[in-house]
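Enquirer: got a structure for you, letters missing:
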């Protein structure tokens, strides 16, 4: 598959057009600084002990890489389990990793603001395991500042006993992957939970927890606007407090989904049509009594004229897409940790993970980067994703100079407004939050991201069209980004 000239950087279009870029960046969730930097000589204790000198708030991530259904849109590390024994072995290693890191690092030195159990399917853990893991976390970390505890569940594996165990350890924000109410699309995605199971799960979560969130995907090859509106109406009617609505990420979805779409003769959804769907979603959700609180998340709250609402914040993503003194510590296979000057990426192999932990080693690669990138993170990620940043919380003199130049350009093009204390997205800026996250990166980091996309496009099983990536040319001046 040709890389569509992705070796070149995205271009920003000047002028009055609402289509402000020459292409849509085709990956919607990514880290910055990323792992594509120089290998670091530092050890795990050295990285974290140095980080504790600069970091004032931390998020924790725990990865449970097992599913009883393999959804073909999912890009994350997961696999079907053969027996409970496999889960039990991994669970024992996860507990051992927490204890190992506690022996190497003072884990109470930085207070924890957010916890996220992701996967895979964390709700495959037995209730007793959920409680045991939660109690170990509570003994090991400083949770005095905890604002949010998220836990991903799957409708078929959620039971009252598991919900009670989640509540017992302090979970506040259960999240489940629904993706679509349409039988056609649920079959296309290989989803196996019935709509009755979904409604039962939502009812149980609403009974037990103050917040409940699920995902909806849109922009699939062959989807039309009527199908999208039907999904949005069903999502609103489910009665949860939150809904996350993502454009499908065809660069990283599984080859099996591409094969099914091709067999169905589904025409790829163009970048322009996806952009129009995003505008439609925003209007429909606001009309239904929801407001966006970040780039893709909606919270049930009275609609206002604001671009994004401050009625709710996804605290975990305040750390992933946040200020320089917020970091992330991950546990389990393929978990990523991001902290001042370093990114740590753990092995994707469950076997290697289990053996290393048994030997008293944390199986990860450590990359290092210049700290100017950490100081740039609030501009590159927090501003586009969350919609605003506090200028007083940015070390402006330490920010990578390319990022400051690009922020000036973004300001000139009407993507942001500012006052004495804050910088905030305009509505135009919010429509383009993904492209802004990419555009505001230094040029070298943009090329690293391009390389990741090009590598994905080399897979012969991925069916990807230029129209999904490129916006049509318009009569506007195009300036090099």
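Expert: Noted; the coordinates are in hand. None of these values were measured; they are calculated from a predicted model.
Enquirer: least trustworthy helix or strand in this structure by mean pLDDT?
Expert: The helix or strand of the chain with the poorest confidence is strand 478-480; it has a mean of 46 (mean pLDDT, DSSP states H and E).
Enquirer: got the residue ranges for the helices in the stretch 201-350 of the chain?
Expert: 225-237, 255-263, 271-287, 315-320, 350-358 (DSSP state H, counting those that start in this stretch).
Enquirer: what helices and strands are in contact with the last one?
Expert: For helix 350-358, the packing partners by 3 or more Cβ pairs under 8 Å, 6 or more residues apart in numbering; DSSP states H and E come out as helix 84-104. In short, each C-beta sits where N, CA and C put it, glycine included.
Enquirer: which parts of the helix it packs on are buried?
Expert: 87, 90-91, 93-95, 97-98, 100-101, 104 (16 or more other Cβ atoms under 10 Å).
Enquirer: turn those into CSV, columns for distance to residue 207 and pLDDT.
Expert: Formatted as CSV, the entries for the buried residues of helix 84-104 read as follows, by distance: Cβ to Cβ, whole Å; pLDDT from 0 to 100:
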residue, distance to residue 207, pLDDT
87, 26, 94
90, 30, 96
91, 27, 97
93, 33, 98
94, 28, 98
95, 30, 98
97, 33, 98
98, 30, 98
100, 37, 98
101, 35, 97
104, 41, 95
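Enquirer: and the residues you listed, which is closest to residue 422?
Expert: Set against residue 422, the nearest of the buried residues of helix 84-104 by Cβ to Cβ is residue 101 (36.2 Å).
Enquirer: any idea how far residue 271 is from the closest one?
Expert: Residue 101 sits 43 Å away from residue 271, going by Cβ to Cβ, to the nearest Å.
Enquirer: follow-up on the earlier one: out of the helices of the stretch 201-350 of the chain, which one sits most buried?
Expert: helix 315-320 (a mean of 23; mean count of other Cβ atoms under 10 Å).
Enquirer: elements contacting that one?
Expert: The helices and strands touching helix 315-320, judged by 3+ Cβ pairs under 8 Å, 6+ apart, are strand 57-64, strand 112-119, strand 148-153, strand 326-331, helix 383-386.
Enquirer: next up, the contacts around residue 369.
Expert: The contact partners of residue 369, taken as Cβ atoms under 8 Å, 6 or more residues apart in numbering, are 33, 37-38, 341-343.
Enquirer: TSV for those residues, including distance to residue 353, neighbour count and pLDDT?
Expert: TSV is the format used below for the contacts of residue 369 (distance: Cβ to Cβ, whole Å; neighbours: other Cβ atoms under 10 Å; pLDDT from 0 to 100):
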residue	distance to residue 353	neighbour count	pLDDT
33	24	26	91
37	23	19	78
38	24	9	78
341	25	19	94
342	20	25	95
343	18	24	95
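Enquirer: and which of those is nearest to residue 391?
Expert: Each of the contacts of residue 369 was checked against residue 391 using Cβ to Cβ; the closest is residue 33, at 21.5 Å.
Enquirer: the closest one should be in a helix, yeah?
Expert: No. Using DSSP: H, G, I helix; E, B strand; the rest coil, the secondary structure at residue 33 is coil, not a helix.
Enquirer: ok, it touching residue 371?
Expert: No. In this structure residue 33 lies outside contact range of residue 371 using Cβ atoms under 8 Å: 9.6 Å.
Enquirer: export the contacts of residue 369 to JSON lines and tack on distance to residue 178?
Expert: Formatted as JSON lines, the entries for the contacts of residue 369 read as follows, by distance: Cβ to Cβ, whole Å:
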{"residue": "33", "distance to residue 178": "32"}
{"residue": "37", "distance to residue 178": "36"}
{"residue": "38", "distance to residue 178": "41"}
{"residue": "341", "distance to residue 178": "38"}
{"residue": "342", "distance to residue 178": "36"}
{"residue": "343", "distance to residue 178": "31"}
